[in-house]
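> take a look and give me a structure for this.
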Amino acid sequence: MNFIKTSFYSGISTTVSLITKLITNKIVAVYLSTDGMYILGQLKDFLNITNVFSNFGTVNGTIKYTAEYKDDQTSLKSILGTSFKIHLYFSIVVFLILLIFNKQISIYLFDDEIYKTYLIILGFSIISVSVQSLFLSILNGLKKVKLYVLINVIATIIGALILVALIIKYNIEGALYAFAINQFLAFLVTLIILFIYKPFKLSLLFAAFKTESFEKIGDIIKEKIAVHDLVKAQIQRQIERTRAEESTSPKNTTLYISILLESKDLINATMSLLEEYHVAYDITVRPATLPNDIDVIEED
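Okay, here's the model as predicted:
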């Protein structure tokens, strides 16, 4: 697909996204007021962080290697199988954290525990959105721009309609649940389109987890700065929001920034482990194994 067609389809997606955001932002401002907009802002920032953890920063790597090995089914199966398991396992970890600490996180984000049930539902949707981001990365790597844009446009329109309907009917609670519902529906839309058009075999995702894929772990380490920048941007955004809005809760702000700082420390620790593995790994050294004949220890 040439540059002009790609730009055309990307322009459609961007235009639809801008129009729906203008409409939904106006409705949010009218029905939820400043406090509601602040809560949604907190939620969006929190979702950005959970999405980073749920895919473990593998999105760009998946796009790159899908494009590179799209004609090599064996290598592609290994890459996609490993990527799928990373997305699935880490999103499950995020879900378990929300499941266990839903009350504490609800108080941290909203200064009230009444939204803890919502956070559990959100945890389920994080698993679906993590897998969906993998599907979109694969489509991006395969240069399936039409399908990529089609999925985004349909998901954006459906999501905007649901958000508006729930806000009008249930106010802030409706808006919160709309986020979780929309993530489920975006995944469902993606899955349906993949089944209809079959741009790649879904069976490629269920390859055995290949540890050899970690030989290219350096590409993940390269994203360390990008992940750090994301966390810093969220901290700065929260500081600016606090300065601009008198209704912002100082307690929420302090706790939210603390979560971001703890997340930054967790990223540093994880990346340090990856860097140590990357430096110490030697492909020429074979793993130690026991001889096949030492299965039974004979008694004296």
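> for the strand or helix carrying Ala186, name the packing helices and strands.
Assigned by DSSP states H and E, Ala186 belongs to helix 145-197. On a contact count with 3 or more CB pairs under 8 Å, 6 or more residues apart in numbering; DSSP states H and E, helix 145-197 meets helix 3-55, helix 116-141. Quick note: C-beta positions are derived from backbone N, CA and C, even for glycine.
> and the angle from the first one to helix 116-141?
I take that to be helix 3-55. Relative orientation of helix 3-55 versus helix 116-141 (axes from the mean of the first three to the mean of the last three CA atoms, to 10 degrees): 140 degrees.
> gap between helix 3-55 and the chain center?
When distances are taken as CA atoms, centre = their mean, to the nearest Å, helix 3-55 is centred 15 Å away from the chain's centroid.
> where does the prediction get shaky in the chain?
Residue ranges of the chain with pLDDT under 70: 1-3, 57, 207-227, 244-253, 255-256, 274, 277-300.
> need the residue closest to the centroid of it.
Nearest to the geometric centre of the chain sits Asn51, at 2.8 Å (CA atoms, centre = their mean).
> what's near enough to touch it?
Neighbour list for Asn51: 126, 129-130, 133 [criterion: CB atoms under 8 Å, 6 or more residues apart in numbering].
> again, only this time at 10 Å
For Asn51, the contact set (CB atoms under 10 Å, 6 or more residues apart in numbering) comprises 59, 91, 94, 126, 129-130, 133, 183, 230.
> which helices and strands sit right next to the helix or strand containing Leu99?
Following DSSP H and E, one finds Leu99 within helix 73-100. When contacts are defined as 3 or more CB pairs under 10 Å, 6 or more residues apart in numbering; DSSP states H and E, helix 73-100 sits against helix 3-55, helix 59-68, helix 102-110, helix 116-141.
> pick the most deeply packed of those.
Highest mean neighbour count among the helices and strands packed on helix 73-100 (mean count of other CB atoms under 10 Å): helix 116-141, with a mean of 21.
> so what's the residue count around the spatially closest residue to Leu47 that is not a sequence neighbour?
Ranked by CB to CB, 6 or more residues apart in numbering and with sequence neighbours excluded, the top spatial neighbour of Leu47 is Phe179, at 7.1 Å. For Phe179, the count of nearby residues is 21 (other CB atoms under 10 Å).
> could you double-check that Ile167 sits in contact with Gly36?
Yes: the pair Ile167 / Gly36 is scored as a contact, 8.5 Å apart, by CB atoms under 10 Å.
> intersection of neighbour lists for the two?
Contact criterion CB under 10 Å, 6+ apart; residues shared by Ile167 and Gly36: 28, 175-176.
> take the residues you listed and lay them out in JSON lines including distance to Tyr148.
Formatted as JSON lines, the shared contacts of Ile167 and Gly36 follow (distance: CB to CB, whole Å):
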{"residue": "Val28", "distance to Tyr148": "27"}
{"residue": "Ala175", "distance to Tyr148": "27"}
{"residue": "Leu176", "distance to Tyr148": "28"}
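> might one say that Leu136 is in contact with Thr66?
No: using CB under 10 Å, Leu136 makes no contact with Thr66, being 11.0 Å away.
> ok, which of the helices and strands packed on helix 145-197 comes nearest Ser272?
Counting by CB to CB, Ser272 lies closest to helix 3-55 out of those; the figure is 16.3 Å.
> noted, bye for now.
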